[in-house]
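A.B. asks: Here's a sequence, model it:
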Amino acid sequence: MTRCAWAGPEQIYIDYHDTEWGVPEYDSRALWEKLVLDGFQAGLSWITILKKRENFRAAFEGFDPNVIAAWGEEEVTRLLADPGIIRHRGKIEATITNARAWQRVEQREGFATMMWAYVDGVPRQNSFATQDAVPPKTALSERVSRDLKKAGFKFCGPTIVYAWMEACGLVNDHLTTCPRHAPCAALARPPH
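C.D. replies: As a prediction, the model looks like this:
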């Protein structure tokens, strides 16, 4: 069996693939962090974000949306001067906006509850044999993207959302030839 083609050659990428990508994530805050990071990835490679992830976590107070929601121009200015992260004003401001949107969703129904409802609480199991067969977006990611935008989120287009759904295990897109396909499928929980 061979890992998904995108996983490597750098060890940080292999480790991410082998231990994190595609593992179902049920924690609201962790789901939000990954959505924010996928938004920062827009126009860049994931390895760039992965290498800076710990810097992001430090700069964004552990991605605590309740802290970030209270931020304003002072924090934006501080982050724009931080060479350890992606210094993009629009993405930084979107993170603050998204923290506020997350708070509203979390209070209303729970962010994790809302997201997992799209797949009825059970990860979708795909059976792609080649990377070329994996779509960049789906009708479902378009729907989730639309709903997130209605809820006030930014930097959450359907391609970003699909990459996020793959990363968080809402869909299992490990290739059938990958040794992580079956273990990730086995982690699927039945709906509560």
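A.B. asks: quick one: low-confidence parts of this protein?
C.D. replies: Scanning the chain for pLDDT under 70 picks out 190-192.
A.B. asks: 90 instead, please
C.D. replies: The chain contains residues with pLDDT under 90 at 1, 8, 188-192.
A.B. asks: which element follows the lengthiest helix in the chain toward the C-terminus?
C.D. replies: The helix that spans the most residues within the chain, counting by DSSP state H, is helix 89-108. Going down the chain from helix 89-108, the next helix or strand is helix 111-117, by DSSP states H and E.
A.B. asks: Quick one: list the elements packing against whichever helix or strand comes after that next one.
C.D. replies: For helix 111-117, the following helix or strand on the C-terminal side (DSSP H and E) is strand 124-125. Counting contacts by 3 or more C-beta pairs under 8 Å, 6 or more residues apart in numbering; DSSP states H and E, strand 124-125 packs against strand 171-172. Quick note: C-beta positions are derived from backbone N, CA and C, even for glycine.
A.B. asks: need the next SSE after the strand it packs on, C-terminal direction.
C.D. replies: Counting by DSSP H and E, what follows strand 171-172 is helix 181-186.
A.B. asks: ok so, going back, just checking, what packs against the longest helix of the chain?
C.D. replies: helix 28-41, helix 65-68, helix 73-80, helix 111-117.
A.B. asks: Give me the contact list for it.
C.D. replies: 28, 32, 35-36, 39-40, 42, 60, 65-69, 71-72, 75-76, 79-80, 111, 114, 148, 151-156 (C-beta atoms under 8 Å, 6 or more residues apart in numbering).
A.B. asks: Can you give me the buried ones in stretch 51-61?
C.D. replies: With burial defined by 16 or more other C-beta atoms under 10 Å, the residues of stretch 51-61 counted as buried are 52, 53, 56, 59, 60.
A.B. asks: Which one of the residues you listed is nearest to residue 1?
C.D. replies: Using C-beta to C-beta, residue 53 comes nearest to residue 1 of those, at 27.1 Å.
A.B. asks: correct me, but the closest one touches residue 37?
C.D. replies: Yes - using C-beta atoms under 8 Å, residue 53 is in contact with residue 37, at 6.7 Å.
A.B. asks: if we can go back for a sec, among the helices and strands packed on helix 89-108, which is nearest residue 3?
C.D. replies: Of the helices and strands packed on helix 89-108, nearest to residue 3 by C-beta to C-beta is helix 28-41, at 20.1 Å.
A.B. asks: Report the buried residues of that closest one.
C.D. replies: For helix 28-41, the neighbour count (16+ other C-beta under 10 Å) marks 28-29, 31-41 as buried.
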